[in-house]
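A.B. asks: Need a 3D model of the following:
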Amino acid sequence: MQRIYLDNAATTALDPTVLEAMMPYLTEKFGNPSSIYSYGRESRLAVESARKSVAKILKAHPAEIFFTSGGTESSNTAITASIRDLRCGRIISSPIEHHATLHSVQNMNSHHGIPLDFVKLLPDGHIDLADLETLLAKSKEKCLVSLMHANNEIGNLLDIHAVGAICRRYNAVFHSDTVQTVGHYPFDLRNTPVDFITGAGHKFHGPKGVGILYINENIRIQPYIHGGSQERNMRAGTENLYGIVGFARALEMATNSYEQDSQYITSLKTYMAAELQKKIPGVKFNGDPFGRSLYTVLNVSFPKTEKSEMILFNLDINHICASGGSACTSGADLGSHVIRAIDSNPERVAVRFSFCKKNTKEEIDLVIEKLKGLI
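C.D. replies: All right, here's what the predicted structure looks like:
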């Protein structure tokens, strides 16, 4: 039986064209980018071309783009540097951040004594911007504000310009985890009031293990990883050459087909939501799925029954891949911290379905049929 993959917010399949761009750097172009002979120069050129390409797409300067191992390293770097180098004495974040941010700010709080405030959430899971402003206004210390651009579980989108403008008013450093939006939305970083953003190649049909950290040119920080002068003295360690080439190619492809892909994927999400409401009694949706929300994510809330409690397990048996929360923690099934924060109703079961351009309506029809039987 064919597997149906509806967990694209966790990771996407590597696009064959991206693999093709990476192949030469896995085979004959194997030089270390730090070496001065021709093999090394060839690799260095590939890294710098990728940087220019990424910067151009995000409307940033090449000098503001740093390649990392992924979103987690990028966010940890930004958060650590904000406290250590930019002298932030307080952190404002939210209880529904990805664990890469949440655990990092909690670590700063518990191990380094940095005060940590969580901004209030509105009933639909959006950030309460008035509360953010209140927290900033009453803080005596310089603040780091770390709020994600789009929530990986419920899909809610933050108004990054509004938050950035509030941060500027209070001289706060603004870090946004944009892992779910880089490669899915156009960015204009020159005209966005943000200090740090992050990206991960595997969220838009690029390779795993490679990401970016954007550091606004007005910010000066020290490296998080020491040992060599790679990435203009910002990140030690031999570059993930084929990963970097793959990241840039995947971002280029995602950007070129953004209009058609986003329209198509939106139609799949809308179709699935309508079919679920038609065919399964008591279905609701978490977050703000038809308002300010990722077009790739639909978080479905089913009434809890003996059958629905085992729903992810049963979907898996039926070769359907979906998730209950963030894939990064799905091994430890504690339920989702995001769902707990916005709706702690024990009588509901949440399932996240996330789509990509490769999914089809036929697949969704099959999933709905299966769900009818399972629930």
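A.B. asks: ranges for the helices of this protein?
C.D. replies: In the chain, helices defined by DSSP state H lie at 16-26, 38-58, 71-84, 99-112, 129-138, 160-169, 230-233, 241-256, 258-279, 311-317, 337-342, 361-374, listed in chain order.
A.B. asks: Can you add distance to Val119 and give the ones you listed back as a markdown table?
C.D. replies: C-beta here means a position set from N, CA and C on the backbone, and glycine is covered the same way. Formatted as a markdown table, the helices of the chain follow (distance: least, CB to CB, whole Å):
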| stretch | distance to Val119 |
| --- | --- |
| helix 16-26 | 37 |
| helix 38-58 | 26 |
| helix 71-84 | 16 |
| helix 99-112 | 12 |
| helix 129-138 | 5 |
| helix 160-169 | 10 |
| helix 230-233 | 32 |
| helix 241-256 | 30 |
| helix 258-279 | 27 |
| helix 311-317 | 30 |
| helix 337-342 | 11 |
| helix 361-374 | 35 |
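A.B. asks: how about those, which one is nearest Phe196?
C.D. replies: Of all the helices of the chain, helix 71-84 sits nearest to Phe196, with 3.8 Å by CB to CB.
A.B. asks: So which bits of that closest one are buried?
C.D. replies: For helix 71-84, a neighbour-count test (16 or more other CB atoms under 10 Å) marks 71-83 as buried.
A.B. asks: what's the average pLDDT for stretch 103-111?
C.D. replies: For stretch 103-111, mean pLDDT rounds to 98.
A.B. asks: which residues sit against that stretch?
C.D. replies: The contact list for stretch 103-111 (CB atoms under 8 Å, 6 or more residues apart in numbering) reads 75-76, 79-80, 83, 91, 93, 97, 114-116, 146.
A.B. asks: Adding distance to Glu369 and pLDDT, write the residues you listed out as TSV.
C.D. replies: TSV is the format used below for the contacts of stretch 103-111 (distance: CB to CB, whole Å; pLDDT from 0 to 100):
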residue	distance to Glu369	pLDDT
Ser75	39	98
Asn76	43	98
Ile79	45	98
Thr80	48	98
Ile83	51	98
Ile91	47	98
Ser93	41	98
Glu97	36	98
Ile114	51	98
Pro115	51	98
Leu116	46	98
Ser146	42	98
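A.B. asks: Go through those and name the one nearest Ile375.
C.D. replies: Distances from Ile375 to these, taken by CB to CB, are shortest for Glu97, at 30.6 Å.
A.B. asks: that older thread, what two of the buried residues of helix 71-84 have the greatest distance between them?
C.D. replies: Every pair of the buried residues of helix 71-84 checked by CB to CB; the farthest is Gly71 and Ile83, at 19.1 Å.
A.B. asks: per-domain residue ranges of the chain.
C.D. replies: Split into domains by automatic domain parsing, the chain comes to 4-12+258-374, 16-256.
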